[in-house]
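Output the structure for:
(chains A and B)
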Amino acid sequence: MSLDLPLTRNVSRDRAPTGFAAYEANGGYLGLRAAVGKLTPAECLQIIKDSNLRGRGGAGFPTGMKWSFVPMENPGGGHKYLICNADEMEPGTFKDRLLLECDPHQLIEGMICSAYTIQADVAYIFIRAEYHKATKLLQEAIAACYDKGYLGKDILGSGYNLEMQVHSSAGRYICGEETALISSLEGKRANPRAKPPFPQVSGLWGRPTIVNNVETLCNIHHIIERGADWFQALGLTEDAGTKLYGVSGRVKNPGCWELPIGTPIREIIEKHAGGMEDGYQLRGFLPGGGSTDFLTTEHLDLAMDYNTIGKAGSRMGTGTMIILDDKTCPVGFVKNLMEFFARESCGFCTPCRDGLPWSAQVLDDIERGQGRPEDMETLARQVDYIGAIGNTHCALAPGAMEPLQSAMKYFREDFERHISGGACPWCDGGSH
Amino acid sequence: MSDPGAEALIPALSETELAEIDAEIAHVPYRSAVAIDALKIVQAHRGWISDESLRAIARHLNMSPDELDGIATFYNLIYRQPVGDKVILLCNSISCWIKGCDSLQQKISEQLGISLGETTADNRYTLLPVTCLGACDKAPVLMVGDDLHEDVDDEALRHMFDESGGGA
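Numbering: from 1, shown residues only, chains lettered A, B, ... in the order given. Purely as a prediction, here's the structure:
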């Protein structure tokens, strides 16, 4: 059976970029032609709402609902903005790079249709500085679209105007948080903002703004062209569409694949990633990037979708799994993540700025065999306080607590062995 | 405030730099909104942002130097110290850690005689850690200048910093 995989239909094995001519020859920009000037923005919005598309950046918020908060009345005639979040930096996440490097026109078509739906007149692609190849490809693709009349004034004679440009960032993980991204695009430090007001009402330069992830936006024109029912039917469970799933760590064939949403975890790890490398056993995994809770072997037969993974106590996040094997120390694993989050805190909120380095220090003590029994209680209190939503402006610090709290639940004996033995049991084995 | 565009007031920025910065200003509602772009433009020409460059950019954007420095020092890819001809960005996030980025770092340090944050004596390389580079299926990875190196092993490392220039 050949699967319908819209997002990667132009992705070849050698990952060569798809140019404008090849993109159009394979049905590209038909979604744009179906939407702009043919459907009203309200009709487009209804299709996206009906499709049950959920944001692919990690939070899984329904895209149509997010867009519905953008005011459609615009009496002053000021700008409205669409921003593509191409600031992929979540540890263990490598899916947007594939879409950006292999099929830049797909993102641009999705963005034009999305901007039309919310009637934005300016669109930005906020991309991390290290994605040089993708930045160049996107700039070329945008230029081709201006030449063709797909961007600029009066697109396809519809009277709709849209300007688009690429903004190459200057680093920092926190820029991926949507209000921090907006601060950065305004030329400021990337501090997240308190909500409300939500960006849909007051975002970039105080104007209505939507920020969506690359993969989310790449879906839009496919849905408008082929319909909400088609999109719903792609998923294997109650979630709709396909998803880019990835696996990294000690598996035979690490990689990233587009699969129907709801594909069982075991199938992703064993069939697509080829199972564990010889000599390694699976102990657990983070299902969707560095800020999701561990799941373990008992969860392998779950469907990889938002609700199922949520019910199991974690989050699907970005859908790119990180495997913990039996020769890798779980304390060292969590310590690496905690040091990452401590380094990447923007420093605005105290629990994050001061709490994360403290957690990292405690984990470092334990990993080096200097831990004390009461350290487990300290970590548990940090999880409670730093992990509570509402103690910080954004989700960075609560996200940092997710792998820690679940590691303490599933691998508690390993923490305790470090403390009672006064050494890391894995270091002696020479792995780390 | 009047536009301090007169060349005599801003001796530290070249005409090319000013033209590139002004092109960015044309897209935004107020001058300081291009602070990050301006820092990147000047850094692209000079390799790093000196105090003198910082003051010149700040003046051109109607900002105080301190305000601009608060932005410059926030972003890890804006360099407020001189760096080598090429910056090595070594990913030390989780997937690369599992695949041995710590030992990779140690080998690079031995090979080039520098620790994280340092520049080689011949000024060719600076070694810095970086957030997950989004190539976790090819871990461990690093960048040398603009080039991404995937599945880096001892063999690849041996030739990475040859006299030929560290390219892929």
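
drop to CA atoms for contacts and neighbour counts, all remaining ones
Noted.

tell me, how many neighbours does the nearest residue to A:Met276 once chain neighbours are set aside end up with?
Distances taken as Cα to Cα, 6 or more residues apart in numbering or on different chains put A:Val251 closest to A:Met276, at 4.1 Å, once the chain neighbours are dropped. Applying other Cα atoms under 10 Å in any protein chain shown, we find 25 residues neighbouring A:Val251.

Pull the contacting residues for A:Val251.
Residues in contact with A:Val251 (Cα atoms under 8 Å, 6 or more residues apart in numbering or on different chains) are A:Ile269, A:Ala273, A:Gly274, A:Gly275, A:Met276, A:Glu277, A:Ile323.

Farthest-apart pair in these, please.
A:Gly274 and A:Ile323 (12.7 Å; Cα to Cα).

Those two: which is more packed in?
Set side by side, A:Gly274 and A:Ile323 show more neighbours around A:Ile323, with 28 against 16, by other Cα under 10 Å.

Are we agreed that that one is in a strand?
Yes. According to DSSP: H, G, I helix; E, B strand; the rest coil, A:Ile323 belongs to a strand.

Next, work out how far apart it and chain B are.
Taking Cα to the nearest Cα, to the nearest Å as the measure, A:Ile323 falls 8 Å from chain B.

And the pLDDT at that residue?
With respect to pLDDT, A:Ile323 scores 98.

nearest spatial neighbour of it, skipping sequence neighbours?
Nearest residue to A:Ile323 in three dimensions, chain neighbours excluded: A:Phe285, at 4.4 Å (Cα to Cα, 6+ apart).

Run through who's touching whichever strand or helix holds that neighbour.
Secondary structure assignment for A:Phe285, by DSSP states H and E: strand A:282-286. Strand A:282-286 has contacts (Cα under 8 Å, 6+ apart) with A:276, A:292-297, A:321-326, A:403.

Next, report how far the longest helix along chain A is displaced from the centre of its chain.
Longest helix in chain A, counting residues (DSSP state H): helix A:132-148. Averaging C-alpha positions (Cα atoms, centre = their mean, to the nearest Å) puts helix A:132-148 23 Å from its chain's average.

what does stretch B:42-52 give?
Distance of stretch B:42-52 from its chain centroid, counting by Cα atoms, centre = their mean, is 10 Å.

Correct me if wrong: A:Pro357 contacts A:Phe340.
No. Counting by Cα atoms under 8 Å, A:Pro357 sits too far from A:Phe340 to count as a contact (9.7 Å).

For these two, indicate the residue with more neighbours.
Taking other Cα under 10 Å, A:Pro357 and A:Phe340 do not tie; A:Phe340 has more neighbours (24 against 19).

residues contacting the more buried one?
Counted by Cα under 8 Å, 6+ apart, A:Phe340 has contacts B:Ser93, B:Thr131.

Could you report the distance from it to A:Ala273?
26 Å (Cα to Cα, to the nearest Å).

phi, psi of the closest residue to B:Cys91 other than its chain neighbours?
Spatial nearest neighbour of B:Cys91, chain neighbours left out: B:Val130 (5.0 Å); criterion: Cα to Cα, 6+ apart. Torsion angles at B:Val130 (phi, psi; degrees, to the nearest 10) stand at phi -140, psi 150.

Could you check how many residues crowd around B:Val130?
22.

which residues sit in contact with it?
Counting by Cα under 8 Å, 6+ apart, B:Val130 makes contact with B:Leu89, B:Leu90, B:Cys91, B:Asn92, B:Ser93.

Quick check: the first one vs B:Trp97, distance?
The reference is to B:Leu89. According to Cα to Cα, B:Leu89 and B:Trp97 sit 14 Å apart.

ok so, going back, most neighbours among the contacts of A:Val251, which one?
Going by other Cα under 10 Å, A:Ile323 tops the contacts of A:Val251 with 28 neighbours.

Can you pull the domain assignment for the chain?
Picked chain A for this. A:6-234, A:245-325, A:330-421 (automatic domain parsing).

hm, I was asking about chain B
If you go by automatic domain parsing, chain B breaks into B:7-72, B:86-160.
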